[in-house]
Each structure stands twice: as C-alpha cells, then as structure tokens.
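Peer 1: here are the coordinates; sequence isn't available:
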C-alpha cells in the first residue's frame with residue numbers, strides 16, 4: 001500500500017478528554033453537531049444509507065449543505081462516509097465525492113484519540129488548495145468536537 005499524499009489527503013489526529021461513547025454522541029447527534037459544525041446531521045447511520053448536513057436559516061428553513069452515503073458506522077469506534085459539498089462548484093457525480101473516515105480509539109484515563117482522514121482529492125480541480133482549505137475546516141470542527149465531547153463527559157460525571 002502506497003503512503004497517502006498529504007497534498008491531496010487531509011489527515012488529523014486529536015486527543016479528547018472524554019470516552020469514545022461521548023465523542024460518538026457529539027459526532028452523531030444532530031443537536032450536538034450543529035454546535036460545532038454549524039450544520040445538523042441527518043442520517044440513521046446504516047450502511048449504504050444517506051447522510052446529510054443541513055444548515056438552519058434565519059427564517060427557520062433548512063438548507064442542504066453536504067450529502068453522502070454511510071460506508072461504516074460502528075458506534076463508539078468508526079464513522080466512514082462519502083461526502084459531497086453543495087458549494088464545491090463541482091458536478092454532483094461520484095468522481096466529485098470524497099471519503100471521510102473517523103476512528104475513535106480509546107486511550108488510557110478515559111481519553112479518546114480521534115483520527116480523521118478525508119480524501120483523496122487527487123484528480124479534482126485545485127486538489128491541493130481544496131485539501132488545505134478542508135484541512136483548516138477540520139481543525140476547527142475537531143476542536144469543536146473536543147469541546148462538546150468534554151462538556152458531555154463533565155456533565156455525565158457531575
């Protein structure tokens with residue numbers, strides 16, 4: 001297996017001071033995803049089923065911002081899905097969809113290591129720029145995931 005090209009793949013790792021089940025909850029519950037992603041997740045997280053993210057508009061309506069298909073959903077362990085951003089300016093066809101893979105690995109002391117991969121952008125227009133921009137977005141979203149997960153864990157412990 002050849003190593004992944006960091007120019008066309010996003011790879012991030014983050015340690016969260018919360019157990020995997022709290023991170024999973026923050027990752028998959030719509031009321032929690034909107035706190036750090038700015039979008040509400042809609043999916044029953046079943047293999048082959050749709051996964052969608054909606055932004056709530058000021059007038060109360062919901063606008064679809066991204067969509068994909070669930071490839072794996074193992075509660076507390078792994079979420080893998082294809083994704084297509086509606087504002088990508090790319091045609092909505094399989095070649096324009098990328099894959100997101102999130103692994104939750106239990107660490108000592110009730111912590112979770114979150115390993116994220118999104119790719120491969122090779123073959124898409126402006127691949128390196130897209131990779132860099134999404135890498136920055138993921139840093140912000142992972143920091144938000146960490147904050148929400150840790151708040152959940154603290155609330156449960158209280």
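Peer 2: Nice, thanks for sending it over. Everything numeric in this text was worked out from a predicted model, so none of it was measured.
Peer 1: which secondary structure elements does the helix ranked longest in the chain contact?
Peer 2: Ordering each helix of the chain by length in residues (DSSP state H) puts helix 127-157 first. Counting contacts by 3 or more Cβ pairs under 8 Å, 6 or more residues apart in numbering; DSSP states H and E, helix 127-157 is packed against strand 10-16, helix 20-28, helix 30-37, strand 112-119. The C-beta positions use only the backbone N, C-alpha and C, and glycine is treated the same way.
Peer 1: ok, then the element right after the third one?
Peer 2: Secondary structure here is assigned by DSSP states H and E; on that basis, the next helix or strand after helix 30-37 toward the C-terminus is strand 40-42.
Peer 1: same for the next helix or strand after that following strand, what does it pack against?
Peer 2: Once strand 40-42 ends, the next helix or strand along the chain (criterion: DSSP H and E) is strand 50-56. Packed against strand 50-56 by the contact rule (3+ Cβ pairs under 8 Å, 6+ apart) you find helix 30-37, strand 40-42, strand 62-74.
Peer 1: one more time with 10 Å, if that's ok
Peer 2: Contacts defined by 3 or more Cβ pairs under 10 Å, 6 or more residues apart in numbering; DSSP states H and E place strand 50-56 against helix 30-37, strand 40-42, strand 62-74, strand 78-85.
Peer 1: Identify whichever of those lies nearest to residue 141.
Peer 2: For these, proximity to residue 141 was assessed by Cβ to Cβ; helix 30-37 is nearest, at 5.6 Å.
Peer 1: average model confidence for that closest one?
Peer 2: Averaged across helix 30-37, pLDDT comes to 93.
Peer 1: before we move on, what about stretch 74-94?
Peer 2: Stretch 74-94 shows a mean pLDDT of 94.
Peer 1: what comes up buried for it?
Peer 2: 78, 79, 80, 81, 83, 84, 85, 88, 90 (16 or more other Cβ atoms under 10 Å).
Peer 1: Among the helices and strands packed on helix 127-157, show me which one is buried the most.
Peer 2: helix 20-28 (a mean of 22; mean count of other Cβ atoms under 10 Å).
Peer 1: Would you mind pulling up the elements that that one packs against?
Peer 2: Using 3+ Cβ pairs under 10 Å, 6+ apart as the contact test, the elements touching helix 20-28 are strand 10-16, helix 30-37, strand 62-74, strand 78-85, strand 98-106, strand 112-119, helix 127-157.
Peer 1: Nice, that's everything, thank you.
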